[in-house]
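Undergrad: Following is a predicted model, sequence given first.
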Protein chains: 2
Amino acid sequence: MRTVTPGTRVEQMVEALASAGHRVTPQRLAIIEILAKSEGHPTANQILRRVRRRFPMVGKATVYNTIQLLKDLGQVLELEFGDAANRYDGNVPEPHPHLVCTMCGRIDEVMQPTLHDTAESVANEVGYRMLSHRFDVYGLCPRCQSKYEPAKTARTVE
Amino acid sequence: MRTVTPGTRVEQMVEALASAGHRVTPQRLAIIEILAKSEGHPTANQILRRVRRRFPMVGKATVYNTIQLLKDLGQVLELEFGDAANRYDGNVPEPHPHLVCTMCGRIDEVMQPTLHDTAESVANEVGYRMLSHRFDVYGLCPRCQSKYEPAKTARTVE
DNA sequence: GTCATTGCAAAGCATTTGCAAGTCG
DNA sequence: CGACTTGCAAATGCTTTGCAATGAC
């Protein structure tokens, strides 16, 4: 179990920054707010564009720096993709399964409390000491399914 | 269950290429052999360097093309990493858990027959139709553990 | 001869780095 | 003031693309 830190996600992230001796600049706050309220796992570029609505002059380096900082503080989960931009999850920084739509890029998530233990047992099986883990399921989201087989009722396609 | 294709991995990959109407050039054969006999999930660059021992003039595009071809034929599993080069698995092209050492980059693998079903049930939970999945566990491999805590007997480090 | 394939070089992109200017404490 | 940050631009590194030359059938 883990002690639940009180406060909103924004407050938690601000606190994490501050207590680690980092300044909470307006830019950083804006990025934190975007991360906290984003549902769709934004890319660095999307974050950049949204920050620029309020701070038109922000540089991309600032966004990357801030993300890096929050990552190091365990406040942001980075989802790397080889062929696409990284996506960031500021809501649930602990590893959890993600569903990635290969058609539209949408990312959903599910809870799976046993995942951590599963990962740990896999690690132990080969003598690794686990530090982190990642479980992605690729497929078609409901919307993209209906887009491409509109007439079918739900059934398995082999 | 799945029908086991007979023949060595090299033969299987050659057959897959040929029956899809692609030529089996000496370069491609060399790349296939490297993929089939590599234990450590090589990068494209590592494959390139090994191919060049026999064909010093191969271009990187050839390596990437061939990998792409084999990927499309379901003969090679690509492991993408955002911050590092992709790694390729020509031995077990079906998704399976990988253990990635964050220290030395080594990649081990384990079998986990239930993973497919787990992924499928996660997908169903949110209405996705699963196409593929990936499960990576990051940590320290046995060698790197002993490198950094040589004196300790096996015990949990918090 | 035709067409897939190769090899080379240049292009693309996301991310990182360097550094002068700016800003908070 | 003095260190941390910022913004801009250039650099980095992997992968892809364009294209003329090559080679197989």
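TA: That came through fine.

Undergrad: So what's the gap between the host helix or strand of A:Glu120 and the chain middle?
TA: Assigned by DSSP states H and E, A:Glu120 belongs to helix A:115-125. Computed by CA atoms, centre = their mean, to the nearest Å, the chain-centroid distance of helix A:115-125 equals 21 Å.

Undergrad: Just after that helix, pick out the following helix or strand.
TA: strand A:129-140.

Undergrad: What strands line up against that next one, and which way round?
TA: Here strand A:129-140 is paired, per DSSP bridges, with strand A:98-101 (parallel), strand B:129-140 (antiparallel).

Undergrad: Quick one: closest of these to A:Ala119.
TA: strand B:129-140 (4.8 Å; CB to CB). Where C-beta positions appear, they are placed from N, C-alpha and C, glycine not excepted.

Undergrad: Contacts for the helix or strand just after the closest one, please.
TA: Per DSSP H and E, the first helix or strand lying C-terminal to strand B:129-140 is helix B:142-148. With CB atoms under 8 Å, 6 or more residues apart in numbering or on different chains as the test, helix B:142-148 has contacts from A:126-129, B:101, B:103-104, B:106, B:140.

Undergrad: Show me what counts as buried in helix B:142-148.
TA: B:144-145 (16 or more other CB atoms under 10 Å in any protein chain shown).

Undergrad: tell me the mean pLDDT for it?
TA: Helix B:142-148 carries an average pLDDT of 88.

Undergrad: Ok, stretch A:61-78 next?
TA: pLDDT averaged over stretch A:61-78 gives 95.

Undergrad: Give me the buried positions along it.
TA: Buried residues in stretch A:61-78 (16+ other CB under 10 Å): A:62-63, A:66-67, A:69-70, A:73, A:75-78.

Undergrad: any idea how far the residue nearest to the spatial centre of chain A is from B:Ile31?
TA: By CA atoms, centre = their mean, the mean C-alpha position of chain A lies nearest to A:Asp89, the distance being 2.0 Å. Separation of A:Asp89 from B:Ile31 (CB to CB, to the nearest Å): 37 Å.

Undergrad: Check A:Asp83 too.
TA: 20 Å.

Undergrad: Please say which of the two ends up with more neighbours.
TA: Taking neighbours as other CB atoms under 10 Å in any protein chain shown, A:Asp83 and B:Ile31 compare with B:Ile31 leading, 29 against 8.

Undergrad: What strand or helix carries that one?
TA: Judged by DSSP H and E, B:Ile31 forms part of helix B:26-37.

Undergrad: related to what we said a few turns ago, how about the contacts made by the residue nearest to the residue nearest to the centre of chain A when sequence neighbours are not counted?
TA: Among residues not flanking A:Asp89 along the chain, A:Leu77 sits closest, at 4.2 Å (CB to CB, 6 or more residues apart in numbering or on different chains). A:Leu77 is in contact with A:71, A:88-90, A:92-95, counting by CB under 8 Å, 6+ apart.

Undergrad: Could you pick out the buried ones from the residues you listed?
TA: Buried positions within those, assessed by neighbour count (16+ other CB under 10 Å), are A:88-90, A:93, A:95.

Undergrad: Go through those and flag which are in strands.
TA: Of those, the ones assigned to strands by DSSP state E are A:88-89.

Undergrad: I'd like the buried ones among the contacts of A:Leu77 written out as CSV, with pLDDT and distance to DNA strand C added.
TA: Below are the buried ones among the contacts of A:Leu77 laid out as CSV (pLDDT from 0 to 100; distance: CB to the nearest atom of the strand, whole Å):
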residue, pLDDT, distance to DNA strand C
A:Tyr88, 95, 9
A:Asp89, 94, 13
A:Gly90, 93, 15
A:Pro93, 88, 17
A:Pro95, 93, 18
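
Undergrad: Identify, from the buried ones among the contacts of A:Leu77, the entry nearest to chain B.
TA: A:Pro95 (9.3 Å; CB to the nearest CB).

Undergrad: pretty sure that closest one contacts A:Thr118?
TA: No: A:Pro95 lies out of contact with A:Thr118 (CB atoms under 8 Å); the separation is 11.1 Å.

Undergrad: For stretch A:62-69, output the C-alpha coordinates as CSV.
TA: These are the backbone C-alpha positions of stretch A:62-69, laid out as CSV (Å, rounded to 0.1, in the frame of the first residue of the first chain):
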residue,chain,number,x,y,z
THR,A,62,11.0,24.6,-21.2
VAL,A,63,8.3,22.1,-21.8
TYR,A,64,10.8,19.2,-22.1
ASN,A,65,12.7,20.5,-19.0
THR,A,66,9.6,20.6,-16.9
ILE,A,67,8.4,17.2,-18.0
GLN,A,68,11.8,15.8,-17.2
LEU,A,69,11.7,17.4,-13.8
